[in-house]
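Chemist: What shape does this take:
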Amino acid sequence: GGRYIVVHSDRAKAARYGLSVADVNRLVETAIGGEVLTTAVQGLERFPVDLRYPRELRQSLSTLMESRIAAPDGAQIPLAQVADLRIEGGPAMLTSDNSRLNSWIYIDPKPGTNIGAYVPRAKAAIAKAVRLPGGYTVSWVGQYQVMEQAAKRLELVIPAVILLIALLLYFNFKNWVEVAIILLTLPLSLVGGFWLTY
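Modeler: Next comes the predicted model:
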């Protein structure tokens, strides 16, 4: 889940200072969300210039409570006097990926767990227990995705390297029998390498 700063404007308190809810919201929107002031142009590129509090101030409830709103008579009113601020728990924020809304669920298996074996078991358990409505999908990313991509790459690279080595050996010996004898030692050297790694 997420932790969110919730601001509830108090209309009666704000009205005492001649402020409207829109005035309170404007401060919150600018301080936390940011406001685009202008666009900087550098050659063909354009960059929005935002104004908002630095991250450490945006995440501090006490600092936000002390933020000042200018009243019509020029007085500087602390936000805490015209609004109720608190941190609440809620669902994780939805983001967008590949033009589709998504939400992340983080899984941290026990140390020593084999990710390659864990994910297929988890996929099977989810497929058995969860019925997804139309338009919903589940994707496994992170270390598992990196491992899958590396495995696919190795499926192409290893045969290509072996073929290249065979060609280089043939150009050296000009005899396929000698090349085959040398290549037959490859499985034995792999067994030795795996045993040494183990």
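
Chemist: what's downstream of the lowest-mean-pLDDT helix or strand in the chain, the next helix or strand?
Modeler: In the chain, the helix or strand scored least confidently by mean pLDDT, DSSP states H and E is strand 95-97, which has a mean of 73. The helix or strand immediately downstream of strand 95-97 is strand 100-102, counting by DSSP states H and E.

Chemist: Can you report how many residues neighbour residue 11?
Modeler: For residue 11, the tally of surrounding residues (other Cβ atoms under 10 Å) stands at 11. In short, each C-beta sits where N, CA and C put it, glycine included.

Chemist: same check, this time on the one 5 residues further on
Modeler: Neighbours of residue 16 under the rule other Cβ under 10 Å: 12.

Chemist: mind checking how far it is from residue 156?
Modeler: Using Cβ to Cβ, to the nearest Å, residue 16 is found at 72 Å from residue 156.

Chemist: and if you look at residue 9?
Modeler: Per Cβ to Cβ, residue 9 is found 60 Å from residue 156.

Chemist: Of these two, give the one with the bigger neighbour count.
Modeler: When residue 9 and residue 156 are compared for neighbours, residue 9 comes out ahead with 18 against 9, by other Cβ under 10 Å.

Chemist: I'd say that one and residue 83 touch.
Modeler: Yes: counting by Cβ atoms under 8 Å, residue 9 touches residue 83, with 4.9 Å between them.
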